[in-house]
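[1] Starting from these lines, generate the structure:
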Amino acid sequence: MMFLPVITYRAVNERKKPMSSAEKKSLRQKMQEMRQSLTALEIETKSRQAASLLLQLSEYRLARTLLAYLPIRGEVDTIPLIITAWQQQKRVVVPTCLPGRRLALSELRSLDELAAGTFGIPEPKAEFLRKVPPGQVDLALLPGVAFDLSGGRLGYGGGYYDRFLGSLRPGCPKIGLAYEFQLVSVLPAEEHDLPVDMVVTDRQVYRCRRR
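    Residues are numbered from 1 along each chain as shown. Predicted coordinates:
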């Protein structure tokens, strides 16, 4: 019988004063340096462990349309998850960058459709763009530089996902994918921030409670 990693549930309810721009910059730099120090084998192994936990979730099993980011700079690798989703007859959509620091969604049917886009992030080539309304997404997998156990998320500073997440349908589960070391005790929440519902790491699943 295969051993399945234990899924745990934690919450943090404290708040901290707003983080200064310098503090955010420092945290981003630290986390990105730690992530980029991982070897290719470590990224593959940890990403596989996170995927194993994600695939057990009812939120994933019930989803028909899956939003997945495309990894850069040592992020948890979503490519194997995307391939698995296709094999399970799920529809996969990926983000594309628009002017005004906005995101749109496009259905992805093959990895061959991708090319380097904004900031070097893979995006569908123009001839393969298939617009999908955000309201059709059943499960959103989100990148981040750091997360906390109340669902706080620190991005790269461009605000793309902050602007986008409000367009998902109410109740659409939002899951941050991260390495365990990307979890911090508390990330100060600002008024416009929308928290994730879960954080899945290479070790555990954290269901988040609102602060």
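[2] Please name the bridge partners of the spatially most central residue of the chain.
    The chain has L142 as the residue nearest its centroid, 1.7 Å off, counting by Cα atoms, centre = their mean. L142 forms beta bridges with G176, as assigned by DSSP bridges.
[3] ok, it - contacts?
    Going by Cβ atoms under 8 Å, 6 or more residues apart in numbering, L142 touches Y69, R153, Y161, L165, K174, I175, G176, L177, V196. (Each C-beta comes from the backbone N, C-alpha and C, glycine too.)
[4] Swap in 10 Å and give it another go.
    67-69, 95, 153, 155, 161, 164-165, 174-178, 196, 199 (Cβ atoms under 10 Å, 6 or more residues apart in numbering).
[5] how much space between it and S106?
    From L142 across to S106, the span is 17 Å (Cβ to Cβ, to the nearest Å).
[6] can you check C97 too?
    C97 is 11 Å from S106, by Cβ to Cβ.
[7] Identify the contacts common to those two.
    Residues touching both C97 and S106 (Cβ under 10 Å, 6+ apart): E123.
[8] Give me the neighbour count for the residue nearest to P195 when sequence neighbours are not counted.
    Nearest residue to P195 in three dimensions, chain neighbours excluded: G151, at 3.0 Å (Cβ to Cβ, 6 or more residues apart in numbering). Number of residues near G151 (other Cβ atoms under 10 Å) recorded here: 25.
[9] what does the one 5 residues further on give?
    Here the neighbour count serves as a burial measure; for Y156 (other Cβ under 10 Å) it reads 15.
[10] Contacts only, for the closest residue to it other than its chain neighbours.
    Nearest non-adjacent residue to Y156, counting by Cβ to Cβ, 6+ apart: V145, 6.3 Å away. When contacts are counted by Cβ under 10 Å, 6+ apart, V145 touches 24, 27-32, 35, 73, 75, 153-157, 178, 182, 187.
[11] Of the residues you listed, just the buried ones, PyMOL syntax please.
    Only the buried entries of the contacts of V145 go into this PyMOL selection, using 16 or more other Cβ atoms under 10 Å:
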select buried, resi 24+27+28+31+32+35+75+153+154+155+178+182+187
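[12] Now, the contacts of V145 that are in strands?
    Judged by DSSP state E, the subset of the contacts of V145 located in strands is R153, L154.
[13] how about low-confidence regions in this protein?
    1-19, 189-193, 209-211 (pLDDT under 70).
[14] Going along the chain, name the helices of this protein.
    Listed from the start of the chain, the chain has helices (DSSP state H) covering 21-36, 40-55, 58-62, 79-87, 160-164.
[15] Name the surrounding residues that touch the first one.
    For helix 21-36, contacts defined as Cβ under 10 Å, 6+ apart pick out 18-20, 43, 73-76, 144-146, 154-157, 178-179, 181-182, 184, 187-188.
[16] And the third one, by the same measure?
    With contacts defined as Cβ under 10 Å, 6+ apart, helix 58-62 is touched by 51, 53-55, 66, 81, 84-85, 88, 90, 138-139, 141, 172-175, 197-198, 200.
[17] Now that helix - C-alpha only, PDB.
    The C-alpha trace of helix 58-62 is given here as PDB (Å, rounded to 0.1, in the frame of the first residue of the first chain):
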ATOM      1  CA  SER A  58     -11.300  17.000  -4.000                       C
ATOM      2  CA  GLU A  59     -11.000  20.600  -5.400                       C
ATOM      3  CA  TYR A  60      -8.700  19.200  -8.100                       C
ATOM      4  CA  ARG A  61     -10.700  16.100  -8.800                       C
ATOM      5  CA  LEU A  62     -13.900  18.000  -9.300                       C
END
